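Chemist: quick one, fold the following:
(2 chains)
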Amino acid sequence: MQQRKSRMLTVVGGVLAGALLLGTSVAQADATGSMLANTCAGCHGTNGISGGPAMPTIAGMPAKYLKSVMADFASGKRPSTIMGRLAKGYSEAETALIAEEFAKQKWQNAKSAPQSKMATPVNAKLAKEGEKATKNAKCDKCHEDNGVFQDDDTPRVAGQWLDYLRFKVQDLKNPELKVPQAEKMKTGIDKLSAEQLEAVAHFYASQK
Amino acid sequence: MTNLTRRSFIKLSGGVAAVSLTSAFGVPAIAGEAKQKVVVVGGGYGGAVVAKYLRMADPKIQVTLVEKNADYYSCPLSNWVVAGFRDMALQKWSYDGLKKHGVEVIIDEVTAIDPAAKSVATAGGKKLAYDALVVSPGVDFKEFPGYDAEAQKKILHAWKAGPETVALAKQIAAMKDGDTYILVAPADPYRCPPGPYERASLVAHYLKKNKPKSKVLILDAKPKFSKQGLFQEGWTQLYGFGSDNSIIKWVSGAEGGKVVRVDAKEMAVYTDNNGFEEKHVGACINFIPPNVAGKIATAAGLTNESGWCPVHLNTFESKIHKGIYVVGDASASGGMPKSGYAANSQAKVVAAAIAARLNGKEAGEPSYVNTCYSMLSPDYGISVAAVWKYDAATPDKVKEISSGVSPSKAPDFIRKQEALYNESWYQSIMADTFS
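Modeler: Numbering: from 1, shown residues only, chains lettered A, B, ... in the order given. Modelled structure (predicted):
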């Protein structure tokens, strides 16, 4: 605790020094967390609760996790279609405000998307197979409680939108994309076929 | 839960009452007394979002949305309907969700705005007083030679989603194999810069499958267009663009694409090809006239000689009438495109600025985003995205912090992912707007 506090002080010191260097432009009040986060809500939904099957809900995810994802999008370390271009549009401090704003919100499970013909419906049989696969590959070592658990390195996956999860597992198996992943994650992914990973996506999407 | 909300509400209004004593506007917001009123004219991607986010920001503000049509039809994704692979019912949204946020919705048309008296009048004979007014009427069309009321029955623009969208889809479906579909694209600025080219792509997709001898002819007033490189790359891949058999032909303004008059009786448009008039006949002509700000914005004197509404780019408050905010396509938005997402983003800035003002505070620093997808076929999506800031040093132009389009020569699975992202974008932004 003591250690953490002193680190925070250093960070504050750094920000102050930066403010002095930048001079007047910082005197102008920067946008608030809610102002910045609202720019994301068109796609990620009001308060980060997504309304579309391929857009992840990010409400209530740990701020540190969201910040690291945004940093990886901006650097290109994490492959994306549109997010890299958007993530580059915010400073580190702004990204932190955005992350904290969404972290404050309450998670809501994805609703089914009756409007969408393109959305993939959750398949109960596949979900069952997926559950087995998560046990075999030991996904639950990190994605505990059938994917409900989350921490600074682990996003919640239970109740996430299915098409988003499908895209992510497809990306993980795609050698062209080189998705960064923790070593333990890689071990798990290597054990599973593309079909099994599809089933895993159905399993987590089916969880509450 | 109800108790908690109520308690925090009382606390909040107490705090605000204290603040408003020092307010420059001198409007006391003491509980039980008259509420501050905001009227929003137009319930689309801009207006509906202002109404909802105002109520979310400060539930003490009374928000009335006045909208001409009982249901809303979204322009984004309506090109899918035109090309026959989407049901129009999926474009329809009701205002019931806004009512749940406490927005009063009045289906009526605002016919006059009195900035001095701070009130609006409606066709239905209502007079509504406001403390702040939001005008979000979208676009209207300039008069154009030959495009009179009679011609508009045969030659559609379908540039406002609704019955025309379905009617245009029917015209295209009724084309004979070998017929030409002519799309006339307007000069800048206009609603949805990549929209005409998405429409041309999707009609080409339909024709390729159903009428393989038919062609799409785009007659353009412009020398270039939004996402042009990506569109032409996709057209080459999907529709033989550049070859003799190309389904799509694009004629730029410089090469004779500029349409100067329309003749509905002949089902023809005439272009100016370096001083020579050239006639183009099509079985289906889709004419998108030059755009201007929605009628009420012009009637209320909110526009300047450009036909659009000049606004302060940090709050979107009109430069002409104080206390009136113009959001979305009707505004001169300093370099942001006239797109649904830009309107959504501007609307949130307006909601925050009005909530601050009515509570006697300064408006905060704005932040703007646009994300926009276009489809070249049902499995082929591309996107553009940008982030902007307000910079007091350049008050007439927003400052671009980052921007970019989808990569060229991306693998098919990326194009397919972006197609599904497009539909998800739509569902999310509509939920952000109407629920």
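Chemist: report the buried residues of stretch A:184-196.
Modeler: A:185, A:188-189, A:192, A:196 (16 or more other C-beta atoms under 10 Å in any protein chain shown). Where C-beta positions appear, they are placed from N, C-alpha and C, glycine not excepted.
Chemist: does any part of stretch B:221-231 sit near chain A?
Modeler: No - Stretch B:221-231 lies out of reach of chain A by C-beta under 8 Å from any C-beta of the partner chain, never closer than 12.6 Å.
Chemist: average model confidence for that stretch?
Modeler: Over the span of stretch B:221-231, the pLDDT mean works out to 96.
Chemist: and that stretch, how far out from the chain's middle?
Modeler: Counting by C-alpha atoms, centre = their mean, to the nearest Å, stretch B:221-231 is centred 19 Å from the centre of its parent chain.
Chemist: just the CA trace of it, in PDB.
Modeler: Taking Å, rounded to 0.1, in the frame of the first residue of the first chain, the C-alpha atoms of stretch B:221-231 are listed here in PDB:
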ATOM      1  CA  ALA B 221     -20.600  16.800 -59.900                       C
ATOM      2  CA  LYS B 222     -17.300  16.200 -58.000                       C
ATOM      3  CA  PRO B 223     -13.800  15.500 -59.200                       C
ATOM      4  CA  LYS B 224     -13.300  12.900 -56.400                       C
ATOM      5  CA  PHE B 225     -15.300  11.300 -53.500                       C
ATOM      6  CA  SER B 226     -15.100   9.800 -50.000                       C
ATOM      7  CA  LYS B 227     -13.200   6.500 -49.600                       C
ATOM      8  CA  GLN B 228     -12.700   6.600 -53.400                       C
ATOM      9  CA  GLY B 229      -9.600   4.400 -53.400                       C
ATOM     10  CA  LEU B 230     -11.300   1.700 -51.400                       C
ATOM     11  CA  PHE B 231     -14.500   1.900 -53.400                       C
END
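Chemist: are we agreed that B:Ile414 is in a helix?
Modeler: Yes - counting by DSSP: H, G, I helix; E, B strand; the rest coil, one finds B:Ile414 located in a helix.
Chemist: contacting residues around it?
Modeler: Contact criterion C-beta atoms under 8 Å, 6 or more residues apart in numbering or on different chains gives A:81, B:406-407 as the residues in contact with B:Ile414.
Chemist: returning to what we had before: out of the buried residues of stretch A:184-196, who's nearest A:Thr120?
Modeler: A:Gln196 (16.3 Å; C-beta to C-beta).
Chemist: what separates that closest one from A:Gly130, distance-wise?
Modeler: 7 Å (C-beta to C-beta, to the nearest Å).
Chemist: same question, B:Ile248
Modeler: On the measure of C-beta to C-beta, B:Ile248 and A:Gly130 end up 43 Å apart.
Chemist: need the helices for the chain, in chain order.
Modeler: Let's take chain A. A:2-22, A:24-27, A:33-38, A:41-44, A:63-75, A:83-87, A:92-104, A:124-136, A:144-147, A:162-172, A:183-191, A:194-206 (DSSP state H).
Chemist: not what I meant, chain B
Modeler: Here chain B has its helices, by DSSP H, at B:2-21, B:47-57, B:78-82, B:96-100, B:151-154, B:163-173, B:195-210, B:228-239, B:295-299, B:340-358, B:412-434.
Chemist: any chance of those in CSV with distance to B:Val41 as columns?
Modeler: CSV is the format used below for these (distance: least, C-beta to C-beta, whole Å):
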stretch, distance to B:Val41
helix B:2-21, 26
helix B:47-57, 7
helix B:78-82, 22
helix B:96-100, 14
helix B:151-154, 24
helix B:163-173, 22
helix B:195-210, 24
helix B:228-239, 35
helix B:295-299, 6
helix B:340-358, 12
helix B:412-434, 16
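Chemist: A:Ala158 is nearest to which of those?
Modeler: Taking those one by one with C-beta to C-beta, helix B:412-434 is closest: 19.6 Å.
Chemist: which parts of the closest one are buried?
Modeler: For helix B:412-434, burial by neighbour count (16+ other C-beta under 10 Å) applies to B:414-434.
Chemist: pull the number of nearby residues for residue 119.
Modeler: All of this is about chain A. 21 (other C-beta atoms under 10 Å in any protein chain shown).
Chemist: wait, chain B was what I had in mind.
Modeler: Neighbour count for B:Ser119, taken as other C-beta under 10 Å: 17.
Chemist: break chain B into its domains for me.
Modeler: For chain B, automatic domain parsing gives the domain ranges B:2-68+B:108-140+B:292-364, B:144-289.
Chemist: can you pull out the low-pLDDT segments for chain A?
Modeler: Applying pLDDT under 70 to chain A flags the ranges A:1-29, A:112-118.
Chemist: recalculate using a threshold of 90.
Modeler: Applying pLDDT under 90 to chain A picks out residues A:1-30, A:77-79, A:110-121, A:167-190, A:208.
Chemist: need the residues of the stretch 51-200 of chain B near chain A, please.
Modeler: B:52-53, B:56, B:90.
Chemist: and the two most separated of these?
Modeler: Within these, B:Met56 and B:Leu90 form the most distant pair, 26.1 Å apart (C-beta to C-beta).
Chemist: and the stretch 201-350 of chain B, which residues reach chain A?
Modeler: When proximity is defined as C-beta under 8 Å from any C-beta, the stretch 201-350 of chain B approaches chain A at B:341, B:344-345, B:348-349.
Chemist: out of the buried residues of stretch A:184-196, who's nearest chain B?
Modeler: Nearest to chain B among the buried residues of stretch A:184-196, counting by C-beta to the nearest C-beta, is A:Ile189 at 17.8 Å.
Chemist: for the nearest residue to the closest one once chain neighbours are set aside, give me its contacts.
Modeler: Excluding the flanking residues, the one nearest A:Ile189 by C-beta to C-beta, 6 or more residues apart in numbering or on different chains is A:Leu172, at 5.2 Å. Taking C-beta under 8 Å, 6+ apart, we find A:Leu172 in contact with A:179, A:181, A:189, A:197.
Chemist: shouldn't the first one be in contact with A:Lys173?
Modeler: Going back to what we said before, that points to A:Val179. No - at 9.0 Å, A:Val179 does not count as touching A:Lys173 under the criterion of C-beta atoms under 8 Å.
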